[in-house]
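**Student:** Can you look at this prediction? I've put the sequence above it.
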Amino acid sequence: MSRAAEWIPPAKVMRLVIVLVTVLVAIALVGLWWGGANAAVASVLGAVSVLILALKQPPWWHTVVLGLVTAAGASAATVVAGSSWGLGLVVAATVLATTPLVLRHGAIVSSTPVVVALAGMEASSIGPAAAAAGIIAAALLMVLAVALLRLSIPLPPAQERAVLLAYVGILALGSGLAVGVVTALGISHGYWVVIALTAVLVPVAGETTSKARGRIAGTVAGAIIASGLALVLPGAFAAVVAALSLLLGIAWTVMGSQARGAGLTAVAIVLLSSAGAAAEAWEVAGERALLTLAGGVFAAVLGLAFARFDRREEALEADRE
């Protein structure tokens, strides 16, 4: 059993996930009503970017600051979207700007490079002003929703300062480099590399490689299963299966089961992306599997350096005791 499952009751996780999904859907609808599809995208990105920190219930302004930093990064990403390495630098700089919050609250910024990368790679048409406004508004709505609904989840305590500094540095370097490479190569949906990278690269010694194996295996299996389902399920049933898979995938991920969480999330993404087209379903399945594999391998390589640093810190701490 994973450490997460030991301290988070599954029933509580499912209730929390259902409420959070409902809140995210409501925020998306508000964004859609306010400014159309682009505003809805920015709103969801903003809500997701502050979710983990909001659930730790810190002083409210800490979460707002994280939202502002993410909004600034996403806004800049839409401006430099035409420059592969410019976008990579923006992603890396945004991650580095979160360092004070990471030192205070731990690894609560894993979604930050994903949000900024998505803004520059898939949603640059939003424009800098709309991207910033949507993310800030959604961040405020998420803070308000978490406070009013009294949502919280127990999270592991923050690691040592040196470990967290190393984590931020490696996350900035890795995500910035990944964004620059996939953008320069013109790889479609290259943000999946960043998603895999940030999910696998965690500031805990010895966990990076195991999480990479679990996420890669789960993603490939889920993509294959979803491709088969897309061939036989009518559109309405496929949408229901996708929604249920996403819900369960988030729950398993929160409870620490990377393989199950990744597999179910892959099922949801492939079904939604295929939109009833069999050829596209197979294309999306293979593409996501390969990109996730690349992101996971890259994260594992970076994690070797991080794990060595972490072990050295543990040895120094033992010597001091």
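**Tutor:** Everything's here; your move. Note that the structure is predicted; figures quoted are calculated from it, not measured.
**Student:** ranges for the helices of the stretch 151-300 of the chain?
**Tutor:** With DSSP state H, counting those that start in this stretch, the ranges of helices along the stretch 151-300 of the chain come out as 161-184, 191-200, 208-232, 235-254, 258-274, 278-320.
**Student:** what sits against residue 161?
**Tutor:** By Cβ atoms under 8 Å, 6 or more residues apart in numbering, the contact list for residue 161 reads residue 103. For every residue, glycine as well, the C-beta is placed using N, CA and C.
**Student:** how far away is it from residue 100?
**Tutor:** Relative to residue 100, residue 161 is positioned 11 Å away (Cβ to Cβ, to the nearest Å).
**Student:** and residue 78, how many neighbours does it have?
**Tutor:** By other Cβ atoms under 10 Å, 23 other residues sit near residue 78.
**Student:** I meant residue 231, not that one.
**Tutor:** Residues contacting residue 231 under the criterion other Cβ under 10 Å number 12.
**Student:** now do residue 265
**Tutor:** By other Cβ under 10 Å, 24 other residues sit near residue 265.
**Student:** For residue 44, see how far away residue 94 is.
**Tutor:** For residue 94, the distance to residue 44 equals 18 Å [Cβ to Cβ].
**Student:** Just want to know which of these two has more residues nearby.
**Tutor:** Taking neighbours as other Cβ under 10 Å, residue 94 and residue 44 compare with residue 94 leading, 27 against 21.
**Student:** and the residue nearest to the more buried one when sequence neighbours are not counted, what element?
**Tutor:** Using Cβ to Cβ, 6 or more residues apart in numbering and skipping the chain neighbours, the partner closest in space to residue 94 is residue 73 (3.1 Å). In this structure, residue 73 is located in helix 60-79 according to DSSP states H and E.
**Student:** Show me what that helix packs onto, helices and strands only.
**Tutor:** Secondary-structure packing of helix 60-79 (3 or more Cβ pairs under 8 Å, 6 or more residues apart in numbering; DSSP states H and E): helix 37-55, helix 84-97, helix 99-105, helix 112-121, helix 128-149.
**Student:** Need the winner for burial among the ones you listed.
**Tutor:** Most buried of these, by mean neighbour count (mean count of other Cβ atoms under 10 Å): helix 112-121, with a mean of 28.
**Student:** Tell me which other helices or strands that helix touches.
**Tutor:** Counting contacts by 3+ Cβ pairs under 8 Å, 6+ apart, helix 112-121 is packed against helix 37-55, helix 60-79, helix 84-97, helix 161-184, helix 191-200.
**Student:** Select, out of those, the one closest to residue 121.
**Tutor:** Closest approach to residue 121 among those (Cβ to Cβ): helix 191-200, 5.3 Å.
**Student:** pLDDT on that closest one, on average?
**Tutor:** Helix 191-200 carries an average pLDDT of 72.
**Student:** That helix packs against which elements?
**Tutor:** Judged by 3+ Cβ pairs under 8 Å, 6+ apart, the packing partners of helix 191-200 are helix 112-121, helix 161-184, helix 208-232, helix 278-320.
**Student:** Now with 10 Å, please.
**Tutor:** Under the contact definition 3 or more Cβ pairs under 10 Å, 6 or more residues apart in numbering; DSSP states H and E, helix 191-200 sits against helix 112-121, helix 161-184, helix 208-232, helix 258-274, helix 278-320.
**Student:** in the helix holding residue 73, what's buried?
**Tutor:** Residues 62-79 are the ones in helix 60-79 that count as buried (16 or more other Cβ atoms under 10 Å).
**Student:** Just the C-alpha atoms of that helix, please, in CSV.
**Tutor:** Taking Å, rounded to 0.1, in the frame of the first residue of the first chain, the C-alpha atoms of helix 60-79 are listed here in CSV:
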residue,chain,number,x,y,z
TRP,A,60,-5.4,32.8,1.4
TRP,A,61,-2.9,35.3,-0.1
HIS,A,62,-0.3,32.5,-0.6
THR,A,63,-2.7,30.8,-3.0
VAL,A,64,-3.5,34.1,-4.7
VAL,A,65,0.3,34.8,-5.2
LEU,A,66,0.7,31.3,-6.9
GLY,A,67,-2.2,32.2,-9.2
LEU,A,68,-0.6,35.6,-10.1
VAL,A,69,2.7,33.9,-10.8
THR,A,70,1.0,31.3,-13.0
ALA,A,71,-1.1,33.9,-14.7
ALA,A,72,2.0,36.0,-15.5
GLY,A,73,3.8,32.9,-16.9
ALA,A,74,0.8,31.9,-19.0
SER,A,75,0.3,35.4,-20.3
ALA,A,76,4.0,35.6,-21.3
ALA,A,77,3.7,32.2,-22.9
THR,A,78,1.0,33.4,-25.3
VAL,A,79,3.3,36.2,-26.4
